[in-house]
Structure formats: C-alpha cells, structure tokens
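> quick one, what's the 3D model for this:
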Amino acid sequence: MANNVKETPKSNGILGQYDPKLFWSTLILCCAITLWGIMAPDNFSKAMSSSQNWISVNFGWFFMLSVSAFIAFLAWVGVSRYGDISLGQDNEKPEFSFGSWIAMLFSCGIGIGFIFWGVAEPLYHYMSPPYLAKGATPGAAPVAMQISLLHWGIHGWACYAIAGLAIAYTTYRLKMPLSIANSLHGILGDNTKGFWGKLVDFLAAFATIAGIATSLGMGLMSIKFGINHVFGADLGTTGLVVVMLFLIVGYTVSAVSGLQRGIKYLSNTNMVLAFFVLLFFLFAGPTKFLLNLMVDSVGQYFSNFVFMSFWTDPMAQASEGKWMGWWTIFYWCWWIAWGPFVGGFVARISKGRTIREFIFGVILVPLVITFVWFNVVGGSALHAEMNGTLEMYKAISADAGSGIFTLLTQYPLGGLISFIVFFNLIIFLITSADSASFFVAMIISGGELEPSTPVKLIFGFLIGSITVVLLITGGLKALQTASIVAALPFAFVMVGMMVSTFLLLKKEK
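Now for the predicted structure:
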C-alpha cells in the first residue's frame, strides 16, 4: 500500500529546501509574540492567562474525553490485527536499536520535567490534595503519588502516541513527506496540501518553539540553583545569558550532527546517568518505604484509573478553573501542545517498528519509568517532609528548581550526585532543544527527513533567543500559557489524527 504524493517546497536556495510561507509566517509570529512579551509583559501575561482560564472552564470536559478516547483507541489498535502492520514497508528493519529508540523518545519528550517536577509535584499534592485525604497527613502521601502518576503516566504519553502513530504511518507506510498535515490524509485526502494543511503545520511549528522555549527557561531555573549549590556561584542575568548561549551552541551542534550521532549518543548518555541517580536514591534512601510506596501507589493508580480519567470537579469548574484548571486540564493541554513536536520526532525515529511495538514502546515503557522515578525520587522527598528531616515544601515554594538539589543535601555523597544531576539536566535540555530544532526544520522543509543545516541553525538560534529575552523580561510564563492556548485547536487536530488513522488502517489488506 503506497501513496507517492510529494509536496516539494518552492525554494531551494542558500537555506536548502524549505517552504517559504511556513518559514516566514513561523518566524514572524514568534518574533511578534516575543516583542509583545518584551514591550507589554503585564498585558501579554494577562491576555494569555485569561485565555487559558477560558479554555479550562469551557473545554475542560472536552480535553478529558479526548485524552480518554486516545487511550481507548490505542489499546484497541495495539491488540487488534492492525498491530502487526509495519510503520514502513513489509519486513523493513528498524532504523535504531530498541534501547536508543527509547532513550531518544524519552529524552525529547519528558526528561526535563522529570528532574524539575519529580520532587516538586508530589509535595504540592501532599500539602493540598484535591480529594480523598486531608493535606500534610499520612493519608495524603499515596494520594499525592497517585495524582502525580496520573499527570505523567498513560494519559500524557497517549497524546504523543496518537500524533506519532498518525505521522509515522503516513510517512513510512504511505511514503508521504513527514508533516502534521499529512497525518490527516485519511480525512482530507490531497487537501492536506492546501490552506488547512499549511495552517496545521504552522501551528505545530509555533507550539513547538513556544513549548520548548518555556521548558528551556524552566530548566535554566534548575541550572541556576544547581550552579549555586554545586559550585557556590550565584548567577545573575549575565550569567544566565552565558549559560543559555552555551546551551544554544550545544543543541544546535547536536541537531546539525544528525540523529545517528549527536542526538542518539546524548540520549543514551542521559538515560545511563538518570538510571544511576535513580539507583542512588533507592539504595541510599529509605528503601523499604520507597518500595512499599511504589507498590501501593501503582495499585491505587490502576484502581482509580477510570475515576481520575473522567473526574472534572464540575462544581468548581462551573465558576472558576480552581484546582483542575491549574493541574489536570493544564497538563492535558500541555501534553497536547507538545504532541506535534514529540509525536513528529518519535515518528521520525520509529521507521520499521510495528504498530504494536510502537504503542508498547511509546506508552508502556515510559509508564514503567514514570512509576519508578516518581516513587523513588518523589517518595524520598515525601519521606523527608513527613519525618521532618528536611523542609522540602518550603524549599520548592521558594524556588521550584531547587527540589532535587535540596533533597540531596541529606545524603552521603550528595555533593557528587548533585554534580551528576546537574550534568544530566544540561544534557536533557540539549536533547529536548535539539529534537525540537530538528522537528521544526523538518516541518519548514516540507517533510524532509534530513533538513538542511541552515534551517536547523536558524530555528535553533530562534528558540534560544526567545528563551533568553523572555527570561530577562519576565515573559516566559506567559509564553508557556500561549503554547497551552494552542492546545485547543490541536486537540481537534489530534482527534482528526485518530479518525484519519482508523480510516487508513481499514484500507489495509
């Protein structure tokens, strides 16, 4: 089964092959949003915050249903006869080993969040759980872990898997250029080459740039604290700019070197370091408590899976966003906003995998890692807070980026492990940013699997510049909200991806 539709961008000059309309529209919008954040940060922040709140109150139910539908669809496809279909031509071998494949999808999709929120989120929910327990009590600890696993588990990775499956199927099975628009081919047919297809790719490029810029900013907060903690140096604005310039050089060099070298090797290194840190916390900390907590929280996660998937807190949502708007619905928006980027990048590295293997790798393997990481690292923070050995909640309230470094102060060899975590964080930032630069370059280049170096350099530099400028002016949080606002139209796009994939699979013999 093949389709040789080819979308060739019109320009092929010094930048190599690229789509001029997508290139300039993405560049102009990103610059305009950044200028708004610089010149009127309060107005920008207020507008984005109001938009996010409106989306949360009016479309919270839609996000909850959509993400649950993604899970049901993927489960059905995975166990059905369609699971044996190759994301490529029949008998085509995978491009990357299973270990490198998992390392790359994990590093581009979630690595920064694990270090930043692995300590902070369980503590927030422990102090103020939305249901089932009173805050700061022993009963709140398993509830905190259950909610953290909800936000970082199956639901989020299902968003990536839906986008990745739709893109990989049309790219490698139907031999179409890699783009978000082509993932809707089952619904739109050749109309994906028209206005609506260009609009979808444009929104994907913008959401990716905005999303990764805010994640880089979040990571810089942890790096700032880490430099102070590990090296005793207090970074000011100039210091942060220098660090960001170092990161820009690092991730652009990695992106330019290609998937088989920079991105692959850095991702593999990252996973080894993260695994080492995980083992340290498990065996140097309260091991029995952590193992018991893991078994208990995983059991509660699955026992309450349906309840959590459909709980919308309707009484609070009727008036204000409240807890749901700032947590679960925010997370579903965040995963969906990142869906095009991570899904597109995961699709790029998944050639030759079967659909069943793809779903297993993109959902179940990261789920196991999520279970272990949050229970070991987050559980260690909860244990310290509950037993009064460290005031962890006070630390993250003052600086959310301080969590894992503060936690390490109570361990022997904590200084050495802090250095490893610091290095790990830098690599996670580089792998996320180079993956994003690579993906945006692919979209701008009309679906080229190996986009030109100048295009990767331009958008790599743009991402870093936006991060620096908005970090200095205080507009980074508003940009994060802007990328979340983009999740509303993309939620409809991803529902379309699901329907399109179903229709295309029905045509398989």
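
> element containing Glu450?
Glu450 is part of no helix or strand, with elements assigned from DSSP states H and E.

> and it, how far from Gly139?
Per CB to CB, to the nearest Å, Glu450 is found 54 Å from Gly139. Where you see a C-beta, it was placed from the backbone N, CA and C, and this is true even at glycine.

> again, but for Ser222
From Ser222 to Gly139 the distance is 30 Å (CB to CB).

> higher neighbour count, those two?
Ser222 (26 against 11; other CB atoms under 10 Å).

> wait, that one touches Ile115, no?
Yes: applying CB atoms under 8 Å, one finds Ser222 in contact with Ile115, separated by 6.5 Å.

> need the residues touching each of these two.
Jointly contacting Ser222 and Ile115 under the rule CB atoms under 8 Å, 6 or more residues apart in numbering are 404, 425.

> where exactly do the helices run in the stretch 251-400 of the chain?
264-284, 287-303, 305-310, 314-317, 322-326, 328-348, 355-359, 365-373, 379-386, 392-398 (DSSP state H, counting those that start in this stretch).

> give me the contact list for the shortest one.
The set of residues external to helix 314-317 that reach it, using CB under 8 Å, 6+ apart, is 56-57, 60, 322-325.

> let's see it at 6 Å
The contact list for helix 314-317, computed with CB atoms under 6 Å, 6 or more residues apart in numbering, reads 60, 322, 324.

> I'd say Tyr393 and Pro122 touch.
No: in this structure, Tyr393 is not within contact of Pro122 by CB atoms under 6 Å, at 10.2 Å.

> neighbour count for those two, which is higher?
More neighbours surround Pro122 than the other of Tyr393 and Pro122, with 32 against 19 (other CB under 10 Å).

> leaving out sequence neighbours, find the closest residue to that one.
Gly378 (3.7 Å; CB to CB, 6 or more residues apart in numbering).

> quick one: low-confidence parts of the protein?
Along the chain, segments meeting pLDDT under 70 span 1-16, 106-111, 255-263, 317-321, 473-480, 482-483.

> quick one on the thing from earlier: kindly reformat the contacts of helix 314-317 as CSV containing neighbour count and distance to Glu357.
Output for the contacts of helix 314-317, formatted as CSV (neighbours: other CB atoms under 10 Å; distance: CB to CB, whole Å):
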residue, neighbour count, distance to Glu357
Gly60, 22, 34
Lys322, 16, 40
Met324, 23, 35
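
> show me where this structure has strands.
11-13, 16-18 (DSSP state E).

> so which residues of the stretch 51-200 of the chain form helices?
98-109, 111-127, 140-152, 154-168, 185-188, 195-231.

> all helices for the stretch 401-509 of the chain, in order.
Counting by DSSP H, counting those that start in this stretch, the helices of the stretch 401-509 of the chain are 403-408, 414-444, 453-473, 476-485, 487-506.

> let's have those in a markdown table, adding mean neighbour count and distance to Leu165.
Formatted as a markdown table, the helices of the stretch 401-509 of the chain follow (neighbours: other CB atoms under 10 Å; distance: least, CB to CB, whole Å):
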| stretch | mean neighbour count | distance to Leu165 |
| --- | --- | --- |
| helix 403-408 | 26 | 33 |
| helix 414-444 | 24 | 16 |
| helix 453-473 | 21 | 25 |
| helix 476-485 | 24 | 23 |
| helix 487-506 | 20 | 6 |
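
> Tyr169 is nearest to which of the ones you listed?
The closest of the helices of the stretch 401-509 of the chain to Tyr169 is helix 487-506. By CB to CB, the value is 6.1 Å.

> what helices and strands are in contact with the closest one?
helix 41-79, helix 154-168, helix 185-188, helix 328-348 (3 or more CB pairs under 6 Å, 6 or more residues apart in numbering; DSSP states H and E).

> 8 Å instead?
helix 41-79, helix 154-168, helix 185-188, helix 195-231, helix 328-348 (3 or more CB pairs under 8 Å, 6 or more residues apart in numbering; DSSP states H and E).

> how far does that helix sit from its chain's centre?
Centroid displacement of helix 487-506 relative to its chain, using CA atoms, centre = their mean, to the nearest Å, is 19 Å.

> got the angle between it and helix 41-79?
Orientation note: helix 487-506 sits at an angle of 20 degrees relative to helix 41-79 (axes from the mean of the first three to the mean of the last three CA atoms, to 10 degrees).

> what's the angle between helix 487-506 and helix 195-231?
120 degrees.

> which residues are in contact with helix 487-506?
Contacts of helix 487-506 (CB under 8 Å, 6+ apart): 55, 59, 62-63, 66, 69-70, 73, 77, 82, 85, 159, 162-163, 165-167, 169-170, 174, 180, 183-188, 200, 203-204, 207, 332-334, 336-337, 339-340.

> tell me which of the helices of the stretch 251-400 of the chain sits nearest to Tyr18.
In terms of CB to CB, the element of the helices of the stretch 251-400 of the chain nearest to Tyr18 is helix 328-348, at 16.3 Å.

> thank you kindly, that will do.
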